[in-house]
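Undergrad: Pasted the sequence and its predicted model underneath.
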Amino acid sequence: MDIQKPDVKAISVFLEENRGSLSDAEFVTRYIAGLTQSLQADKRLYRSFGGFWWPLKRILLATSQSDILEMGDSYNTELNQQFSYANDALTVCAAYLTQQENIENGYLYASKHIYATDTHEPIEIVIEDPAIELLILADSF
């Protein structure tokens, strides 16, 4: 079963319109730096990416940024595979657009997200990263 995600052509257009003169790797690096700052300010924001959190965490773990966030070293490999695109630049664009839509719809901190499958059946995915949830809990004291 595959989860429907934003159209790769639309994501490619968004990337081209927003990359300027940056290569894919430079674009991803810049996005991840901004994401790191946002998560340092409010760790609960990770939930707003829905299923795209897992490929974002994979990308974060591949950089030194993950040390700054102290967010553990594991991620959901199945959902990473489901939500990743052919390259990380497309993946971060899809994650960003999904987050913006979630925020617009009032799902800023929502952990439950509904997706359509390739058979058009809805599926609920709960985004819960245990390592980050512990950090959120620790910050609340």
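TA: Yep, it's here. Numbering: from 1, shown residues only.
Undergrad: From here on, just use CA atoms for contacts and neighbour counts.
TA: Fine.
Undergrad: Quick check, pLDDT for residue 76.
TA: Residue 76 carries a pLDDT value of 85.
Undergrad: please renumber so the chain begins at 26
TA: Okay, residue one is now 26; in that scheme the one you just asked about reads as residue 101.
Undergrad: what about the strands in the protein?
TA: Along the chain, the segments classed as strands by DSSP state E run 137-141, 147-151.
Undergrad: Count residues in the vicinity of residue 58, would you?
TA: By the criterion of other CA atoms under 10 Å, residue 58 has 13 neighbours.
Undergrad: what's around residue 133, how many residues?
TA: If we define neighbours as other CA under 10 Å, then residue 133 has 19 of them.
Undergrad: Now for it: which residues touch it?
TA: 70, 72, 73, 124, 127 (CA atoms under 8 Å, 6 or more residues apart in numbering).
Undergrad: switch the cut-off to 6 Å
TA: The contact partners of residue 133, taken as CA atoms under 6 Å, 6 or more residues apart in numbering, are residue 73.
Undergrad: quick revisit: go through the strands of the chain and name the closest to residue 85.
TA: strand 147-151 (20.3 Å; CA to CA).
Undergrad: starting at the chain centroid, how far to that closest one?
TA: Put simply, strand 147-151 sits 16 Å off its chain's centre (CA atoms, centre = their mean, to the nearest Å).
Undergrad: any idea of the angle it forms with strand 137-141?
TA: Interaxial angle, strand 147-151 versus strand 137-141 (axes from the mean of the first three to the mean of the last three CA atoms, to 10 degrees): 150 degrees.
Undergrad: what about strand 147-151, average pLDDT?
TA: In this model, strand 147-151 has an average pLDDT of 93.
Undergrad: Need the CA coordinates for that strand. CSV is fine.
TA: Listed next in CSV are the C-alpha coordinates belonging to strand 147-151 (Å, rounded to 0.1, in the frame of the first residue of the first chain):
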residue,chain,number,x,y,z
PRO,A,147,-7.9,6.9,4.2
ILE,A,148,-5.2,5.9,6.6
GLU,A,149,-4.4,7.6,9.9
ILE,A,150,-0.8,8.0,10.8
VAL,A,151,0.3,9.0,14.3
